[in-house]
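>>> need a structure here:
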Amino acid sequence: MNDPGSSAGDSASVFEFPCRFPVKAMGLNEIDFSEHLLRLLAEHSESIDHDSMQMQTSSSGRYLSVTMIIEAHSKAQLDAIYTLLSDDARVLVAL
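Predicted coordinates for the structure are as follows:
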């Protein structure tokens with residue numbers, strides 16, 4: 001078990017790469033938001049499971065949550081994906 005005070009480098013051992021990894025992003029419920037996310041993820045992942053993509057709108061219908069499964073090959077790849085999503089103006093939250 002990892003020590004909660006361990007460094008970020010130690011947390012890389014939590015995953016065995018390659019692995020299937022869910023990436024979730026939320027933004028405004030716009031027609032092309034899911035396609036926009038796919039284009040962003042394609043920059044860092046060649047393997048996106050389109051069939052497992054899940055989308056859910058908020059109760060107000062204003063926001064859209066999209067979960068995509070990718071094949072992750074390294075912690076660096078995941079870090080790059082989350083940096084890209086976090087820096088994108090259309091992505092409000094990346095999980």
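
>>> what's the next secondary structure element after the one helix or strand residue 79 maps to?
If you go by DSSP states H and E, residue 79 is part of helix 75-87. Next along the chain after helix 75-87, taking DSSP H and E as the criterion, comes strand 91-94.

>>> Convert that following strand to CSV, retaining C-alpha atoms only.
This file holds the C-alpha atoms of strand 91-94, laid out as CSV (Å, rounded to 0.1, in the frame of the first residue of the first chain):
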residue,chain,number,x,y,z
VAL,A,91,-13.3,21.9,-20.9
LEU,A,92,-14.7,23.0,-17.5
VAL,A,93,-13.6,20.0,-15.5
ALA,A,94,-11.3,17.1,-16.3
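
>>> sorry, back to before: quick one: buried residues of the helix holding residue 79?
Using 16 or more other C-beta atoms under 10 Å as the test for burial, helix 75-87 gives 75, 77-78, 81, 85. Just so you know, the C-beta spots here come from the backbone N, C-alpha and C atoms, and that holds for glycine as well.

>>> what helices or strands is that helix leaning on?
Using 3 or more C-beta pairs under 8 Å, 6 or more residues apart in numbering; DSSP states H and E, the elements in contact with helix 75-87 are strand 19-28, helix 33-42, strand 91-94.

>>> Can I get the ones you listed in TSV including mean neighbour count, distance to residue 53 and mean pLDDT?
Converted to TSV, the helices and strands packed on helix 75-87 look like this (neighbours: other C-beta atoms under 10 Å; distance: least, C-beta to C-beta, whole Å; pLDDT from 0 to 100):
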stretch	mean neighbour count	distance to residue 53	mean pLDDT
strand 19-28	17	10	97
helix 33-42	17	7	95
strand 91-94	16	15	98
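
>>> Tell me which of those sits nearest to residue 59.
Checking the helices and strands packed on helix 75-87 against residue 59 by C-beta to C-beta gives strand 19-28 as the closest, at 13.4 Å.

>>> hmm, who's touching that closest one?
15, 33, 37, 41, 49, 62-72, 78, 81, 85, 90-95 (C-beta atoms under 8 Å, 6 or more residues apart in numbering).
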